[in-house]
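return a 3D structure for these sequence lines:
(chains A and B)
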2 protein chains.
Amino acid sequence: MTLREEYAELQAKGLKLDLTRGKPSPEQLDLSAGLLELPGAADFRAADGTDTRNYGGLTGLPELIEIFSPLLGIPQGQLLALGNASLQIMHDVIANALLSAVPGAPRRWVDEGEVVFLCPTPGYDRHFGVCERFGIRMVPVALTGHGPDMDEVERLVAADPRIKGMWCVPAYSNPTGEVYSAETVRRLAAMPTAAPDFRIFWDNAYALHDLTDRRAGLASILDACAEAGNPDRAFVFASTSKVTLAGSGVAFFGSSPANVEWLKKLMAKQTIGPDKVNQLRHVRFFGDADGVLAHMAKHRALLAPRFAAVEHVLERELGGRGIARWTRPEGGYFVSLEVPDGCAAEVVRLAKEAGVALTPAGAAFPYGHDPRDHQIRLAPSYPTLTELTEAMEAVALCVRLAAEEHKVVTEGGVQS
Amino acid sequence: MTLREEYAELQAKGLKLDLTRGKPSPEQLDLSAGLLELPGAADFRAADGTDTRNYGGLTGLPELIEIFSPLLGIPQGQLLALGNASLQIMHDVIANALLSAVPGAPRRWVDEGEVVFLCPTPGYDRHFGVCERFGIRMVPVALTGHGPDMDEVERLVAADPRIKGMWCVPAYSNPTGEVYSAETVRRLAAMPTAAPDFRIFWDNAYALHDLTDRRAGLASILDACAEAGNPDRAFVFASTSKVTLAGSGVAFFGSSPANVEWLKKLMAKQTIGPDKVNQLRHVRFFGDADGVLAHMAKHRALLAPRFAAVEHVLERELGGRGIARWTRPEGGYFVSLEVPDGCAAEVVRLAKEAGVALTPAGAAFPYGHDPRDHQIRLAPSYPTLTELTEAMEAVALCVRLAAEEHKVVTEGGVQS
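Below is the predicted model:
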């Protein structure tokens, strides 16, 4: 049977599967069912007596900060517990930097001729979306397996004062799954930058999302920056979106004392405070930091078999063929699949026409453009194991078909 | 006994009372105790089957929008249910207008030489704080008892294209309690403006907060704008902060289809969605629009006696003396007290030194400056009736003392 015939059979199955987004599965959300009836009708007082139902408390509930401070490696006084979306905090921090000079900045970013961000790629499409929305020019930098190509990063930031920021997903990076090495963290913190107001946007979204029983062991960017004499260089973001409920978690911001003061002062004009009842709900649910880790172990028990299934099918169907490479992440939410140059969009199209939705090819690159058209992000968390195996078999077939037909076109000059 | 002697006795009581902010009382928050255990561990599906625990749903839960649409007089398709704070939406809409041209704007507001907002005064200090934070110049306009002085407003907006916005709290205005008349609403909607991108920020915070059994009867600004051929003129804001839980409610945005599209597109870059579980919680709690109105009747039962107590003490202590005027609001959260010119700060100081915290004099004016130093905002909602009566007696004494001593100074030339 030819690959085209196999593909016709696949299409005949009428699949309807979705690997597009890193969404927790219903089983994962069920782990937090307790939250849906917490804190309980008579429980609304914080440890200090605060009535969480009322206004106030701009910086978040101290006992929730106490739980997450050691988990995120950020001192309690430098950690804020805020709303339901860390993306919103990142967006708002950039809006704030555009409209109010960050500590050490000569002026507001909106008054700069041009603002440029470095974007390690492949990366998180929503980060790039925020830059596009604000007209911030994005410059891609390659990832190496232990963080961005630091020679390139150092060269760029030393030369160009327009480079004001850099996105990083330092633990189990989206989508490559790599963890930035201690040396990468040290160099990011210490490198000379032409811009005095250069900021690293350290999206530690997967800080707690190990797929093995080893923690990621990510070095503290805030410590590294302080030690290097650049204490205000990093903004750190995290959330419980993939810990508790994806739309109803708590997001965190951590940074140097000066940056935290800067943000607090601006936030005081933006809101009277975050949803403290939801923060109390999380305190009651977790109890303490160990409670969070125990909870993450339950996620791991659901996620690890899914990642194993992806690896199993990819290895069985594509291993040794020389047409694909993929990551074997030890944490996070994604597998990054590389196909022959010029084939990614075709694989996504073939998969779609066989009923398997994949993240659009190029989505993990600035402006949605993968110059080599070779990278595909796979998100195994949401489907059931059975669905996932079916979907991955379909994807593998699409990769083989696209690779074969691409080879005919590029090497044989024959239009298929 | 002289007023000074009475004041010394008052100070000796060692009161510790707070009339500063429009916070719901614990009894009011108790009315929403049910929310603290909703939706319940097994209840997380919206009417359309959406799992509210997961990501998505940028514009809010349709069934919550359905409940509030008739209450706010905004068509469902033009109403968004968002986060926990309408202040944040107002702030973010201005940040968005600064950084992305609003429909009909020739350019982003940040690219204008200067942006000016009209501020009906006395008004809400947090509105003015947002303007200050963004460097928007504020021009005060007098309130009349049925909305701003429209002759003045029309004259200003017709002449000056820098005037891009105007704050309005149209129902039970903070702090004067007035409701904008139908004629005011019509003129606001129809008036020619020099700026093609002029926007009314219609903070309908007290839409449901009647203190009598009559509804405020506010005319629809969106309808009036559409009828006048200025469909995109008004941004409408509301929230359940003073309906359910002050820090954990749901905020709403309503506007013309073009404005809603503009904001949705920008919000899509800022967040993956609001806390839908909290929205479902509110749906389960209220059931329908009548449930909201029944709930508001319970608030009224707690608030109306407090406002009556304020009126009673003020009338008894200050009535007929010719030294004070005050509002008798039929809704909202505040009483506005006017004392002789030059006395407000002194009253607040005297009250503070007698243990009664009042909103700082001038807070209800742009830049915190009341040019006549004559207005004080009283917030009766939070204290118990007993505390409130004590506090108001103290305030009344402070008014009498300040007025008497001021008269001696200004008429007699004698320093006290």
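
C-alpha only now, for contacts and for neighbours.
Noted.

what helix or strand does the spatially most central residue of chain A sit in?
Nearest residue to the geometric centre of chain A (Cα atoms, centre = their mean): A:Asn174, 4.7 Å. Counting by DSSP states H and E, no helix or strand carries A:Asn174.

so what's the backbone phi/psi at it?
phi -90, psi 110 (degrees, to the nearest 10).

by contact count, what packs against the lowest-mean-pLDDT helix or strand in chain A?
In chain A, the helix or strand scored least confidently by mean pLDDT, DSSP states H and E is strand A:17-18, which has a mean of 94. Packing partners of strand A:17-18 (3 or more Cα pairs under 8 Å, 6 or more residues apart in numbering or on different chains; DSSP states H and E): strand A:356-357.

ok so, going back, give the pairing partners of the least confident helix or strand of chain A; include direction for each.
Note on strand A:17-18: by DSSP bridges, its sheet partners are strand A:356-357 (parallel).

mind checking which helix or strand A:Leu218 is in?
Using DSSP H and E, no helix or strand contains A:Leu218.

pretty sure it is touching A:Ser173, no?
No - at 11.5 Å, A:Leu218 does not count as touching A:Ser173 under the criterion of Cα atoms under 8 Å.

for the nearest residue to A:Lys242 once chain neighbours are set aside, what are its contacts?
Leaving aside its chain neighbours, A:Lys242 sits nearest to A:Pro24 (6.6 Å; criterion: Cα to Cα, 6 or more residues apart in numbering or on different chains). Taking Cα atoms under 8 Å, 6 or more residues apart in numbering or on different chains, we find A:Pro24 in contact with A:Lys242, A:Ala246, A:Ser381, A:Tyr382, B:Asn54.

report the contact partners of the third one.
Just to be clear, that refers to A:Ser381. With Cα under 8 Å, 6+ apart, A:Ser381 has these contacts: A:Gly22, A:Lys23, A:Pro24, A:Ser25, A:Leu303, A:Arg306, A:Tyr333.

that one belongs to a strand?
No - according to DSSP: H, G, I helix; E, B strand; the rest coil, A:Ser381 belongs to no strand; its state is coil.

may I have the phi/psi pair for it?
Backbone torsions of A:Ser381, given as degrees, to the nearest 10, read phi -70, psi -40.

just the pLDDT for it.
Looking at A:Ser381, its pLDDT is 97.

so where do the helices sit in the stretch 301-416 of chain A?
Assigned by DSSP state H, counting those that start in this stretch, the helices in the stretch 301-416 of chain A fall at A:344-353, A:385-407.

all helices for the stretch 101-250 of chain A, in order.
Along the stretch 101-250 of chain A, the stretches classed as helices by DSSP H, counting those that start in this stretch are A:125-133, A:150-159, A:182-190, A:221-227.

by contact count, what packs against the second one?
Judged by 3+ Cα pairs under 8 Å, 6+ apart, the packing partners of helix A:150-159 are helix A:182-190.

what pLDDT, on average, does the helix it packs on get?
Mean per-residue pLDDT for helix A:182-190: 98.

ditto for stretch A:323-338
On average, stretch A:323-338 scores 98.

and the end-to-end length of it?
Taking Cα to Cα, to the nearest Å, the span from the opening residue of stretch A:323-338 to its closing residue is 8 Å.

also stretch A:342-361?
End-to-end span of stretch A:342-361 (Cα to Cα): 10 Å.

now do the buried residues in that stretch.
For stretch A:342-361, the neighbour count (16 or more other Cα atoms under 10 Å in any protein chain shown) marks A:342-352, A:354-361 as buried.

stretch A:205-212 now?
A:Ala205, A:Tyr206, A:Ala207, A:Leu208, A:His209, A:Asp210, A:Leu211.

same check on stretch A:9-17?
So for stretch A:9-17, counting by 16+ other Cα under 10 Å, buried means A:Leu10, A:Gln11, A:Leu15, A:Leu17.

now do the strand or helix carrying the second one against helix A:385-407, angle only.
When elements are assigned from DSSP H and E, A:Gln11 belongs to helix A:3-12. For helix A:3-12 and helix A:385-407, the angle between their directions (axes from the mean of the first three to the mean of the last three Cα atoms, to 10 degrees) works out to 150 degrees.

give me the mean pLDDT for helix A:3-12.
For helix A:3-12, mean pLDDT is 97.

tilt between that helix and helix A:344-353?
40 degrees.

if we look at helix A:3-12, which residues are touching it?
With contact meaning Cα under 8 Å, 6+ apart, helix A:3-12 is reached by A:Glu353, A:Ala354, A:Gly355, A:Ala394, A:Leu397, A:Cys398, A:Arg400, A:Leu401.

can we see that at 6 Å?
Helix A:3-12 has contacts (Cα atoms under 6 Å, 6 or more residues apart in numbering or on different chains) with A:Ala354, A:Leu401.

how close does the residue in the stretch 301-416 of chain A that chain B sits nearest to sit to A:Asn259?
Closest contact between the stretch 301-416 of chain A and chain B, by Cα to the nearest Cα, is at A:Tyr382 (10.5 Å). Distance, A:Tyr382 to A:Asn259, using Cα to Cα: 36 Å.

when those two are compared, which one has more neighbours?
A:Tyr382 (23 against 20; other Cα atoms under 10 Å in any protein chain shown).

now that one. Nearest residue, chain neighbours left out?
Counting by Cα to Cα, 6+ apart, A:Tyr382 lies nearest to A:Ser25, which is 4.2 Å off, once chain neighbours are set aside.

neighbours of that neighbour, how many?
A:Ser25, neighbours per other Cα under 10 Å, totals 17.

that older thread, would CSV of the helices of the stretch 101-250 of chain A with mean neighbour count be doable?
Converted to CSV, those look like this (neighbours: other Cα atoms under 10 Å in any protein chain shown):
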stretch, mean neighbour count
helix A:125-133, 20
helix A:150-159, 16
helix A:182-190, 20
helix A:221-227, 21
